[in-house]
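J.: Sequence below, structure please.
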Amino acid sequence: MNRRATPELSIIVPTYNESTTLPTLLASLGKQRGLDFELIIADGGSDDATSSMVEAFAAGAIFPVTLIVSMAGRGRQLNAGAAKASGNSLLFLHADSCFADPHALVDGLFFFHQAIDSRGDHAVAGHFALCFARSEAATSRGYAFYESKARLNRRGCIHGDQGFLVRRAFFDHIGPFDTSLPFLEDEHFADAVSDRGEWVLLPAEIQTSARRFEAEGLLPRQILNALIMNAAAIGWASFLRLAPGLYRRQGDAGRLDLLPFFRQLKQLLQDMPRKERLRTWYRSGTYVRDNGWQLLFAVDVWLGLRKNPSSRGEETSIIDRYERWFDRFSENAGGRLLAAGAVWVWFHITLKSMELRGRFPAYFHKKGKGHNEGCD
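T.: This next block holds a predicted model:
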């Protein structure tokens, strides 16, 4: 097969002990048709069969596969992969993602080039429509909401599990990935794109494993993610320094217990001078107010599910109709104070509830069991 000296696309995948999930991605890339691309695996020091698996796959692959070893940390690994890439366009993927459509990449790249031509410069990045690969096929309003939100181009909705497609020149302009923490590198990159260019939703679907959510629990993980995003938005560095506990490696993931994090937050707040503590609550309220539109969007998603279980936020009549009114009444000091008060009440009620559950587990288990048995 004749291949271009310079591939149209360089795909960069960071790995750490991904021998159980990587085969699915490799198989899906092997089925992609219509374009020349290279694959760069940036490994962070795996001690399982990841490296040998990649080497074996590379020996028979129809596209170039390069395995490099870098310092651990997804940001560092992504940067190392980008430095090795030779394509004019870069696609950053998670190891537990894959594409069902063999034309996903060529269709996505064609649309991406059109968006660049339409804008007139390379300040564009693309992300794929997210679909979680779950162990249960039943419709879940929670997963449907997050899949729907991931198809928006709004700030705070675009994450690494959707794939990042970007021109090398634009990456060099806004990159590299942040390496100050072992996580949040994708959030910082997504914000940099929004600040200096624009995001586009690519016309193809990416399937990403829901293994972390299923292991930790969707609601606990999303609550902790919200706390992390809040802390990052307001610059609460002391909370983010708890990074090893906040975002465990996938292989270490188990049922997530939020109580230690809430207690740590309470202690951090108590250790602050009063003015700083009040300022932190106010800034948290500002962050929550700025994301209040998600409540309206959730109604749109759930109304869509009632009509069609396969819908993913395509109809947005509620948010289109009411978001401007929500902003008009809440985008002010009073609205931010009200949001801060709501956050304070939610935090303390949630903390107290978790403490009671820990103190009387048998009671809450019995109560929960009886409730479940009464539902269809």
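
J.: going forward, measure contacts and count neighbours with C-alpha atoms only.
T.: Will do.

J.: what ranges do the helices span in the stretch 51-200 of the chain?
T.: 74-84, 104-119, 141-149, 168-174, 185-196 (DSSP state H, counting those that start in this stretch).

J.: number of nearby residues for residue 339?
T.: 24 (other Cα atoms under 10 Å).

J.: I'd assumed residue 286 was in contact with it.
T.: Yes. With contact defined as Cα atoms under 8 Å, residue 339 reaches residue 286; the gap is 7.0 Å.

J.: rewinding a little: quick one: closest of the helices of the stretch 51-200 of the chain to residue 320.
T.: helix 141-149 (14.7 Å; Cα to Cα).

J.: Report the buried residues of that closest one.
T.: 143, 144, 145, 146, 147, 148, 149 (16 or more other Cα atoms under 10 Å).

J.: What is the most widely separated pair among those?
T.: Farthest pair in these, by Cα to Cα: 143 and 149, 9.9 Å.

J.: Parallel or antiparallel, list what pairs with the longest strand anywhere in the chain.
T.: In the chain, taking DSSP state E as the definition, the longest strand is strand 198-209. Sheet partners assigned to strand 198-209 using DSSP bridges are listed as strand 97-98 (antiparallel), strand 124-133 (parallel).

J.: would you list those strands in JSON lines and tack on mean pLDDT, distance to residue 110 and mean neighbour count?
T.: Formatted as JSON lines, the strands paired with strand 198-209 follow (pLDDT from 0 to 100; distance: least, Cα to Cα, whole Å; neighbours: other Cα atoms under 10 Å):
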{"stretch": "strand 97-98", "mean pLDDT": "96", "distance to residue 110": "19", "mean neighbour count": "24"}
{"stretch": "strand 124-133", "mean pLDDT": "97", "distance to residue 110": "11", "mean neighbour count": "24"}
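
J.: Mind putting those into CSV with distance to residue 115?
T.: Putting the strands paired with strand 198-209 into CSV (distance: least, Cα to Cα, whole Å) gives the following:
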stretch, distance to residue 115
strand 97-98, 23
strand 124-133, 7
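
J.: Residue 109 is nearest to which of the ones you listed?
T.: strand 124-133 (8.8 Å).

J.: any idea how far the closest one is from the chain center?
T.: 10 Å (Cα atoms, centre = their mean, to the nearest Å).

J.: That one versus helix 185-196: what angle between them?
T.: 140 degrees (axes from the mean of the first three to the mean of the last three Cα atoms, to 10 degrees).

J.: Enumerate every residue touching residue 24.
T.: By Cα atoms under 8 Å, 6 or more residues apart in numbering, the residues touching residue 24 are 96, 97, 98.

J.: Quick check: phi and psi on the residue lying closest to residue 6 once chain neighbours are set aside?
T.: Distances taken as Cα to Cα, 6 or more residues apart in numbering put residue 87 closest to residue 6, at 5.9 Å, once the chain neighbours are dropped. With angles defined as degrees, to the nearest 10, residue 87 shows backbone torsions of phi -80, psi 160.

J.: ok, how many other residues are close to residue 87?
T.: For residue 87, the number of neighbouring residues by other Cα under 10 Å comes to 20.

J.: What residues does it make contact with?
T.: The neighbourhood of residue 87, defined by Cα under 8 Å, 6+ apart, consists of 6, 7, 8, 9, 10, 37, 38, 168.

J.: mind putting those in CSV, distance to residue 357 and pLDDT included?
T.: Formatted as CSV, these follow (distance: Cα to Cα, whole Å; pLDDT from 0 to 100):
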residue, distance to residue 357, pLDDT
6, 59, 88
7, 56, 95
8, 55, 95
9, 51, 98
10, 49, 98
37, 52, 97
38, 51, 98
168, 51, 97
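
J.: which one of the residues you listed sits closest to residue 197?
T.: Closest approach to residue 197 among the contacts of residue 87 (Cα to Cα): residue 168, at 14.0 Å.

J.: Neighbours of the closest one, how many?
T.: 20.

J.: I'd guessed it sits against residue 91; true?
T.: No. With contacts counted by Cα under 8 Å, residue 168 stays clear of residue 91, the gap being 9.8 Å.

J.: quick one on the thing from earlier: would you mind finding the most buried of the helices of the stretch 51-200 of the chain?
T.: helix 74-84 (a mean of 22; mean count of other Cα atoms under 10 Å).

J.: quick one, that helix and helix 185-196 angle?
T.: Inter-element angle recorded for helix 74-84 and helix 185-196: 60 degrees (by the same axes, to 10 degrees).

J.: How about residues contacting helix 74-84?
T.: 12-14, 40-44, 68, 70-71, 90, 92, 176-179, 182-183, 185.

J.: Narrow the residues you listed to those in strands?
T.: For the contacts of helix 74-84, the ones inside strands are 12, 13, 14, 40, 41, 42, 43, 68, 90, 92, with DSSP E as the criterion.
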